[in-house]
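>>> Sequence and predicted structure, then a few things I'm wondering about:
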Amino acid sequence: MDVTKPGPLTNPTLELIAQRSSTRTYDPAPLTDDERQAILHAALRAPTGGNMVLYSIIEVEEQALKERLAVACDDQPFIATAPWVLVFAADWQKWTDLFAVSDVEAVDATDHRTHTGPGDLFLACADAIIAAQTAVIAAESLGIGSCYIGDIIENGEEVAGLLHLPPHTFPAAMVCFGRPRKRRAPIGRYGRGLVHRDRYRRRTGVEAAEVVRELAELHAPSGLPEGVANYAQAVYRRKFASAFMAEMNRSATWWLERWTSGGR
């Protein structure tokens with residue numbers, strides 16, 4: 001099955017998804033209240049573990065705050081120009097606060113505990129990302145573009161302070177929204193070998209080398225950057241071994257320790 005092609009079935013939703021691309025240049029006009037309401041309602045209707053809604057959404061409206069987050073998120077000035085910015089925070093704090101006033105120690109439970117663990121974080125992150133993507137598609141249906149900011153994880157101490165995030169929360173994603181000044185064509189996705197049947201199968205060395213060659217044809221048709229011999233080297237240098245990923249990993253460790261210790 002070639003998942004890079006849409007196939008014979010189509011409808012407006014599938015066409016919308018196929019044509020979406022990230023938007024980083026925005027018309028300065030703000031979103032209307034009705035548009036914001038529609039997007040936030042769509043986010044709320046997203047699937048959520050146990051119907052607990054394990055996330056909270058922070059609307060970033062202060063221009064000074066946008067500008068500080070733009071710097072904290074790997075110096076991306078376009079963030080400060082977005083008409084609407086949402087942070088989707090994985091959130092068990094609201095439940096631990098409810099537990100604190102509900103005499104939960106009185107119930108017969110397998111594991112009485114006071115702090116969240118890694119499993120709680122993963123589950124809440126899934127909730128937050130699902131809600132974010134639902135908001136992105138809802139916005140797209142209204143002609144409003146979006147761009148995910150994964151760098152919200154970086155500079156954890158600063159971001160937690162700027163957004164007043166309590167210990168049992170984590171900024172799973174930030175998304176910028178606005179009407180595109182110019183629509184970009186969708187960027188190609190490499191899909192060969194994406195779908196596995198029944199169990200995961202690693203590529204052989206020969207297969208991996210072929211994938212590297214095909215990725216270069218798809219993403220670097222005009223040539224590779226100076227100083228690299230193949231596309232995997234380019235990605236390794238630009239993403240995996242970059243300074244911003246070193247900071248992201250440092251901050252991710254800080255976020256996780258904060259999460260599991262309850263901020264102690």
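All right, it came through fine.

>>> For R181, give me phi and psi.
R181 adopts backbone torsions of phi -70, psi -30, taken as degrees, to the nearest 10.

>>> Now do the same contact list for the nearest residue to it once chain neighbours are set aside.
Ranked by C-beta to C-beta, 6 or more residues apart in numbering and with sequence neighbours excluded, the top spatial neighbour of R181 is T25, at 4.5 Å. For the C-beta atoms, the positions are set from N, CA and C on the backbone; glycine is no exception. By C-beta atoms under 8 Å, 6 or more residues apart in numbering, the contact set of T25 is 78, 81, 180-182.

>>> So which elements touch the helix of greatest length in the chain?
In the chain, taking DSSP state H as the definition, the longest helix is helix 118-141. If contacts are counted by 3 or more C-beta pairs under 8 Å, 6 or more residues apart in numbering; DSSP states H and E, helix 118-141 sits against helix 12-19, helix 33-44, strand 55-60, strand 84-91, strand 145-149, strand 169-178, helix 243-261.

>>> possible to save these as a markdown table with mean pLDDT and mean neighbour count?
Putting those into a markdown table (pLDDT from 0 to 100; neighbours: other C-beta atoms under 10 Å) gives the following:
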| stretch | mean pLDDT | mean neighbour count |
| --- | --- | --- |
| helix 12-19 | 95 | 11 |
| helix 33-44 | 98 | 16 |
| strand 55-60 | 98 | 18 |
| strand 84-91 | 98 | 24 |
| strand 145-149 | 98 | 22 |
| strand 169-178 | 98 | 25 |
| helix 243-261 | 96 | 15 |
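
>>> Throw those into JSON lines and include distance to E226, thanks.
Formatted as JSON lines, the helices and strands packed on helix 118-141 follow (distance: least, C-beta to C-beta, whole Å):
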{"stretch": "helix 12-19", "distance to E226": "33"}
{"stretch": "helix 33-44", "distance to E226": "42"}
{"stretch": "strand 55-60", "distance to E226": "37"}
{"stretch": "strand 84-91", "distance to E226": "35"}
{"stretch": "strand 145-149", "distance to E226": "28"}
{"stretch": "strand 169-178", "distance to E226": "31"}
{"stretch": "helix 243-261", "distance to E226": "19"}
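
>>> Next, count neighbours for A232.
Applying other C-beta atoms under 10 Å, we find 17 residues neighbouring A232.

>>> Just to check, it is in contact with E210?
No: under the criterion of C-beta atoms under 8 Å, A232 makes no contact with E210, lying 11.8 Å away.

>>> if I look at the residue most central in space within the chain, how far off is R45?
Nearest to the geometric centre of the chain sits A173, at 3.9 Å (C-alpha atoms, centre = their mean). A173 sits 18 Å away from R45, going by C-beta to C-beta, to the nearest Å.

>>> Looking at the contacts of T25, which one is closest to G193?
P180 (32.1 Å; C-beta to C-beta).

>>> May I have the residues that are in contact with that closest one?
Neighbouring residues of P180 by C-beta under 8 Å, 6+ apart: 23, 25-27, 145.

>>> quick one: which of the residues you listed sit in strands?
G145 (DSSP state E).

>>> in the protein, which ranges drop under the pLDDT threshold?
The chain contains residues with pLDDT under 70 at 263-264.
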